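K.L.:
3D, please:
(2 chains)
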Amino acid sequence: NAGVTQTPKFQVLKTGQSMTLQCAQDMNHEYMSWYRQDPGMGLRLIHYSVGAGITDQGEVPNGYNVSRSTTEDFPLRLLSAAPSQTSVYFCASSRQFRSGANVLTFGAGSRLTVL
Amino acid sequence: AQTVTQSQPEMSVQEAETVTLSCTYDTSESDYYLFWYKQPPSRQMILVIRQEAYKQQNATENRFSVNFQKAAKSFSLKISDSQLGDAAMYFCAYRSRGGGADGLTFGKGTHLIIQP
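P.N.:
As a prediction, the model looks like this:
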């Protein structure tokens, strides 16, 4: 199994550009989420989805958009990139969101730099 | 809302020695899960160990064990016989027993250095 696959691994953008970080999982997981990791801040939740067609905001949603048209895919869109969005982004999924016992499986991360 | 605090930004230990990483958390819930994740330079988040709050017995995974003090809301990670491959960022994390759509709440991490 591939697990959680994120693309691209690295990206450099200019301020104002848009882009999409892709996330795909092949484990038939119900729950998918996006985190950002900044130095000294740990990981913070951006958006999440509890199933196809259902998304909601996390702790730091501003400047990001998500959709969940299939169980497998959960792309994260930056509509107009800003330097404050320079970060490492992680996609994570788990089988069911209703049980805390279900461990989150993380992708390898995507490093985004906005100039 | 829950909070997780890791008070040690960086720790250093000699190879083969034992090191303990601290984590405290704040919650009004009585049942939950606690996790330690390891993040090596590759950036991959790797689950080290998991503790269920309703279990009094401390979780262990080979050289990794936890000291879970529910009343004190403390969840420390002990690494025995430290190895060079243990060098990484370590994150403590909390998740409600009911899961919840808000996923994991993370601490800010502890950078563990292993001295050869």
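K.L.:
Would you tell me which residues of chain B are close to chain A?
P.N.:
Proximity of chain B to chain A, by C-beta under 8 Å from any C-beta of the partner chain, involves residues B:4, B:9, B:32-33, B:35, B:42-45, B:47, B:50, B:52, B:91, B:95-104, B:106-109. Every residue, glycine included, has its C-beta placed from N, CA and C.
K.L.:
neighbouring contacts of whatever helix or strand residue A:36 lives in?
P.N.:
Using DSSP states H and E, residue A:36 maps to strand A:31-38. For strand A:31-38, the surrounding residues in contact (C-beta atoms under 8 Å, 6 or more residues apart in numbering or on different chains) are A:21, A:23, A:25, A:43-51, A:58, A:60, A:64, A:66, A:68, A:74, A:76, A:87-97, A:102, A:104, A:109, B:99, B:101, B:103.
K.L.:
And the contacts of the helix or strand following it?
P.N.:
Following strand A:31-38 in sequence order, the next helix or strand is strand A:42-51 (DSSP H and E). Strand A:42-51 is contacted from outside by A:30-38, A:55-61, A:64, A:66, A:68, A:71, A:74, A:76, A:89-90, A:97, B:4, B:91, B:101-104, B:106-109, using C-beta under 8 Å, 6+ apart.
K.L.:
helix or strand right after strand A:42-51?
P.N.:
Reading on from strand A:42-51 to the C-terminus, the next helix or strand found by DSSP H and E is strand A:54-57.
K.L.:
For the closest residue to residue B:19 other than its chain neighbours, name its beta-bridge partners.
P.N.:
Nearest residue to residue B:19 in three dimensions, chain neighbours excluded: residue B:13, at 3.9 Å (C-beta to C-beta, 6 or more residues apart in numbering or on different chains). For residue B:13, the beta-bridge partners are residue B:114 (DSSP bridges).
K.L.:
where's residue B:13 relative to residue B:46, distance?
P.N.:
According to C-beta to C-beta, to the nearest Å, residue B:13 and residue B:46 sit 19 Å apart.
K.L.:
so how many other residues sit close to residue 96?
P.N.:
Here I'm looking at chain A. Residues contacting residue A:96 under the criterion other C-beta atoms under 10 Å in any protein chain shown number 14.
K.L.:
wrong one, chain B
P.N.:
Residue B:96: 21 surrounding residues under other C-beta under 10 Å.
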